[in-house]
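Engineer: Coordinates for the following, if possible.
(chains A and B)
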Number of protein chains: 2
Amino acid sequence: MNYFANLFIISSPSGAGKSTLLNKLFSANLHPMKFSISHTTRDMRPGEIDGVHYHFVTKEKFREMIDGKCFFEWAQVFDNYYGTSRVNIEEYLKNGTDVFLDIDWQGARQIRKQFPAVRTIFILPPSLDVLRNRLVKRGQDSDQVINSRMDKAKNEIIHYDEYDYTIINDDLETAFEQLKNIVLAERQKTANQMVKNAELLKNLTK
Amino acid sequence: MNYFANLFIISSPSGAGKSTLLNKLFSANLHPMKFSISHTTRDMRPGEIDGVHYHFVTKEKFREMIDGKCFFEWAQVFDNYYGTSRVNIEEYLKNGTDVFLDIDWQGARQIRKQFPAVRTIFILPPSLDVLRNRLVKRGQDSDQVINSRMDKAKNEIIHYDEYDYTIINDDLETAFEQLKNIVLAERQKTANQMVKNAELLKNLTK
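Structural biologist: Residues are numbered from 1 along each chain as shown, chains lettered A, B, ... in the order given. Take a look at the predicted model:
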């Protein structure tokens, strides 16, 4: 099934500015776009809202959804499940809404297999030093916590070369323009235009 | 060989607004970009300038260039040769300059084979009626000439689906924005960024 709208995966290490960039993109009123909310079986934390941060479901319900092939990708992390539901995404795409997934390189690999038309974007910090400074500035984390986050970040970063696009977020405005250009340009792909302007193209080529 | 800059092919039927769009793009000062000038053996016409409209060369010189594998693509049209030189293009790309080729679907096919990284864009009119009106408004051509141009245009249009991107030039400003987005987004492709930011990426992933 082809759509005019696109499914995007945005990955990045923590601290590269992904959330800020996505918030700017969603505020820019370019065209309909939606952030995909994952399902999880873990407990809701203080301040979290069901349907905003996650769809919180029971393990029983989650396993039913696995059996019903409701997920594009899912993973078990310790005792809990996390997954990306297929149904909502396809509904949005059909209605012309771009859908954004914030998942890591492992989830990205799973989705590429099932949905080859997915467009993938990796957001990188300009250097490891900058990344460390951003993590340090965030809070009162111990050196040990910072070091463990840096290790995790490095393990994520080395997979940037599996992505279609790479954005180096040194200057926020520049990185935002680059993200915007990608999202808009992808709507001009011929496969997308064939859905969007099917009638017009039929008349031109008859 | 990978480059940061890109080679673009822009094709369209006559009257779809390709020249106007390219002039706007080249005036927008986005980044270095260059229009590739073809070689030809035909006589220079009044008002034409060597090195601007074409590189005018002798048949002997052209055949030498064919033997020396100097062309990405070439064709013989009646008694004359037309060709796209490889040498200049690779030089520009190496220096970070995007190169644009204004050629038809047959030339595009030849270049795709030799340079798979080429990005191809097709500019379409919103309808055949609009195209005919634009051709009629251009001058005092007879109905017969207009009809023959429309036939030629239709034969070109049916190949739009071989191109990466499709732009429907209904409103000039919209079409220009779409073209600009494509050209800018293509510089964010991971393969391009690996050349542009090789050192930075090496430091991030070491």
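
Engineer: gap between residue A:205 and residue B:15?
Structural biologist: The gap separating residue A:205 from residue B:15 is 16 Å, by C-beta to C-beta, to the nearest Å. C-beta: built from backbone N, CA, C; applies to glycine.

Engineer: which of those two has more neighbours?
Structural biologist: Neighbours per residue, other C-beta atoms under 10 Å in any protein chain shown: of residue A:205 and residue B:15, the larger number sits with residue B:15, 21 against 14.

Engineer: Show me where chain A has its helices.
Structural biologist: A:18-27, A:59-67, A:86-94, A:105-114, A:128-138, A:143-157, A:172-185, A:190-196, A:198-204 (DSSP state H).

Engineer: I'd like the ones you listed as a markdown table, with distance to chain B appended.
Structural biologist: Below are these laid out as a markdown table (distance: least, C-beta to the nearest C-beta, whole Å):
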| stretch | distance to chain B |
| --- | --- |
| helix A:18-27 | 13 |
| helix A:59-67 | 32 |
| helix A:86-94 | 19 |
| helix A:105-114 | 13 |
| helix A:128-138 | 6 |
| helix A:143-157 | 5 |
| helix A:172-185 | 4 |
| helix A:190-196 | 4 |
| helix A:198-204 | 5 |
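
Engineer: which one is residue A:160 nearest to, not counting chain neighbours?
Structural biologist: Leaving out its chain neighbours, the residue that sits closest to residue A:160 by C-beta to C-beta, 6 or more residues apart in numbering or on different chains is residue A:122, at 4.2 Å.

Engineer: contacting residues for the one you found?
Structural biologist: A:10, A:11, A:12, A:159, A:160, A:163, A:165, A:166, A:167, B:190 (C-beta atoms under 8 Å, 6 or more residues apart in numbering or on different chains).

Engineer: Over to residue A:182?
Structural biologist: By C-beta under 8 Å, 6+ apart, the contact list for residue A:182 reads A:119, A:121, A:165, A:167, B:185, B:188.

Engineer: Please flag which of those residues sit within strands.
Structural biologist: Residues of the contacts of residue A:182 located in strands (DSSP state E): A:119, A:121, A:165, A:167.

Engineer: what number of residues lie near residue A:177?
Structural biologist: When neighbours are defined as other C-beta under 10 Å, residue A:177 has 14 of them.

Engineer: ok, the closest residue in space to it that isn't next to it in sequence - contacts?
Structural biologist: Computed as C-beta to C-beta, 6+ apart, the closest residue to residue A:177 that is not its neighbour in sequence is residue B:184, at 7.8 Å. Contact analysis of residue B:184 by C-beta under 8 Å, 6+ apart lists A:177, A:178, A:181, A:185, B:30.

Engineer: Quick check: the second one touching residue A:166?
Structural biologist: Yep, that's residue A:178 we're talking about. No: taking contacts as C-beta atoms under 8 Å, residue A:178 lies outside contact range of residue A:166: 9.4 Å.

Engineer: what do those two both touch?
Structural biologist: Joint contacts of residue A:178 and residue A:166 (C-beta under 8 Å, 6+ apart) are residue B:188.

Engineer: what stretches of chain A score poorly on pLDDT?
Structural biologist: For chain A, not a single residue meets the criterion pLDDT under 70.

Engineer: Check the gap between residue A:102 and residue A:43 for me.
Structural biologist: 21 Å.

Engineer: Looking at these two, which one has more neighbours?
Structural biologist: Neighbours per residue (other C-beta under 10 Å) separate residue A:102 from residue A:43, with residue A:102 holding more: 18 against 8.

Engineer: The more buried one against residue A:10, yeah?
Structural biologist: Yes: using C-beta under 8 Å, residue A:102 is in contact with residue A:10, at 5.7 Å.

Engineer: Quick check: neighbours shared by those two?
Structural biologist: Common neighbours of residue A:102 and residue A:10 (criterion: C-beta under 8 Å, 6+ apart): A:18, A:22.

Engineer: Out of the contacts of residue A:182, flag the one nearest to residue B:201.
Structural biologist: Of all the contacts of residue A:182, residue B:201 sits closest to residue A:167, with 12.3 Å by C-beta to C-beta.

Engineer: If that closest one is in a bridge, with which residues?
Structural biologist: residue A:123 (DSSP bridges).

Engineer: number of nearby residues for the nearest residue to residue A:42 once chain neighbours are set aside?
Structural biologist: Among residues not flanking residue A:42 along the chain, residue A:80 sits closest, at 4.1 Å (C-beta to C-beta, 6+ apart). Residue A:80: 13 surrounding residues under other C-beta under 10 Å.

Engineer: who touches residue A:80 in this structure?
Structural biologist: Here residue A:80 is in contact with A:40, A:41, A:42 (criterion: C-beta under 8 Å, 6+ apart).

Engineer: Please convert these to JSON lines, extending it with neighbour count.
Structural biologist: Below are the contacts of residue A:80 laid out as JSON lines (neighbours: other C-beta atoms under 10 Å in any protein chain shown):
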{"residue": "A:40", "neighbour count": "20"}
{"residue": "A:41", "neighbour count": "20"}
{"residue": "A:42", "neighbour count": "15"}
